[in-house]
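Engineer: I need the structure of the sequence given here:
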Amino acid sequence: MAAFEFELTRRTAAVGDLHLDPAGDERSWQFGAWLERLAGDEHLIVLGDLFEVWVGPAQARLAGAAEVLDALSRATRRGVLVDVVPGNRDFLLGRDFAARTGAGVRPAGLVGTRARGDVRRFLFLHGDELCTRDRAYQRMKRVLRSAPVRGLSRLLPLPAARWAAGRLRGASVRAVGRKSSDVKALQPDACRRAARGVGADAVVCGHAHESRDERMEGGLRWIVVDAWGGERDLLAIGPEGELGLTGSGGWPG
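Structural biologist: Numbering: from 1, shown residues only. So this is what the prediction gives:
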């Protein structure tokens with residue numbers, strides 16, 4: 001599957017790792033309120049893990065999920081472009097989510113191009129695909145994202161979906177706790193390969209929950225946004241060449 005390609009002609013915000021609770025909490029309502037401030041000529045890119053866990057469309061009936069989905073729907077009806085790259089927590093977001101919200105779901109990431117600025121071609125990813133030393137996770141990822149698993153997820157009733165979500169969340173926490181930081185880390189070589197694959201001069205991702213903005217050998221720019229609520233949790237991109245990590249509290253503005 002190829003990354004979705006588009007032109008960066010709008011003021012664009014890239015955020016990630018919100019980890020919102022589908023059952024609802026204060027952060028879900030806060031994000032919904034933040035979405036209401038977006039103007040119709042803006043573009044929002046969510047770099048994965050919008051939800052803490054998502055195991056199927058039945059979860060859309062939960063209070064927190066409904067709040068976020070409805071807020072996204074209102075934003076797209078105002079003219080805001082919204083694209084979501086599924087993450088390792090919400091990789092089962094699919095056509096039901098897209099139909100409810102009007103957002104694009106981009107499992108293979110996005111490639112954005114613009115005419116001005118020192119970065120002209122961006123690759124937007126969640127970031128877990130850059131954790132290439134974690135081979136056990138990459139094997140599990142292929143299984144969980146397979147067609148049979150995706151088909152089963154669409155059939156789960158809400159009680160089963162909530163049970164599965166809890167089990168997956170617990171297993172994930174235990175697995176992550178057993179792994180060294182080196183194994184879990186984003187790998188620079190993987191970042192370079194991903195960029196070369198689409199001819200990008202910048203890679204933008206999340207997943208690490210720690211911001212980064214560096215120039216790699218050869219000039220590739222690697223930008224990692226903080227988890228939502230962090231000091232540098234939003235990448236602001238302007239069609240005239242503007243580019244920089246900032247805090248979501250100052251956007252829009």
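
Engineer: contact partners for Ala66?
Structural biologist: Contact analysis of Ala66 by CB atoms under 8 Å, 6 or more residues apart in numbering lists Ala60. Backbone N, C-alpha and C define where each C-beta goes, glycine included.

Engineer: kindly list the main-chain dihedrals of Ala14?
Structural biologist: Dihedral pair for Ala14: phi -110, psi 120, per degrees, to the nearest 10.

Engineer: from what I can see it touches Gly48, true?
Structural biologist: No: with contact defined as CB atoms under 8 Å, Ala14 does not reach Gly48; the gap is 10.7 Å.

Engineer: test of understanding: give the bridge partners of Val46.
Structural biologist: With DSSP bridges applied, Val46 shows beta-bridge pairing to Val15, Val84.

Engineer: next, count neighbours for it.
Structural biologist: 28 (other CB atoms under 10 Å).

Engineer: now Asp25
Structural biologist: 13.

Engineer: tell me the spacing between it and Asp49.
Structural biologist: 15 Å (CB to CB, to the nearest Å).

Engineer: show me where pLDDT drops low in the stretch 151-253 of the chain?
Structural biologist: For the stretch 151-253 of the chain, applying pLDDT under 70 flags the ranges 152-153, 155-156, 161, 164-166, 168-179.

Engineer: could you pull out the strands in it for me?
Structural biologist: 202-205, 212-215, 221-224, 234-237, 243-246 (DSSP state E, counting those that start in this stretch).

Engineer: now these in CSV, with mean neighbour count and distance to Leu44?
Structural biologist: Output for these, formatted as CSV (neighbours: other CB atoms under 10 Å; distance: least, CB to CB, whole Å):
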stretch, mean neighbour count, distance to Leu44
strand 202-205, 27, 13
strand 212-215, 12, 20
strand 221-224, 22, 16
strand 234-237, 24, 10
strand 243-246, 17, 14
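
Engineer: for Phe122, which of these is the nearest?
Structural biologist: strand 202-205 (4.9 Å; CB to CB).

Engineer: mind checking the end-to-end distance for stretch 214-224?
Structural biologist: End-to-end distance of stretch 214-224: 9 Å, with CA to CA, to the nearest Å as the criterion.

Engineer: return the distance of it from the chain's centre.
Structural biologist: Taking CA atoms, centre = their mean, to the nearest Å, one finds stretch 214-224 lying 20 Å from the centre of the chain it belongs to.

Engineer: repeat that for stretch 243-250.
Structural biologist: 16 Å.

Engineer: for stretch 113-129, same thing?
Structural biologist: 14 Å.

Engineer: quick check: buried residues in that stretch?
Structural biologist: By 16 or more other CB atoms under 10 Å, the buried positions in stretch 113-129 come out as 114, 117, 119-129.

Engineer: for it, list the C-alpha coordinates in CSV.
Structural biologist: Provided in CSV are the C-alpha atoms of stretch 113-129 (Å, rounded to 0.1, in the frame of the first residue of the first chain):
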residue,chain,number,x,y,z
THR,A,113,4.6,18.5,-1.0
ARG,A,114,4.9,22.2,-1.2
ALA,A,115,6.6,24.8,-3.5
ARG,A,116,8.4,26.9,-1.0
GLY,A,117,10.7,26.4,2.0
ASP,A,118,13.9,24.4,2.6
VAL,A,119,11.7,21.3,3.1
ARG,A,120,9.6,20.6,0.0
ARG,A,121,8.6,16.9,0.5
PHE,A,122,7.4,15.5,3.8
LEU,A,123,6.7,11.9,4.8
PHE,A,124,4.2,11.7,7.7
LEU,A,125,4.2,8.4,9.7
HIS,A,126,3.1,7.2,13.1
GLY,A,127,6.6,6.1,13.9
ASP,A,128,6.2,2.5,15.1
GLU,A,129,7.4,1.3,11.7
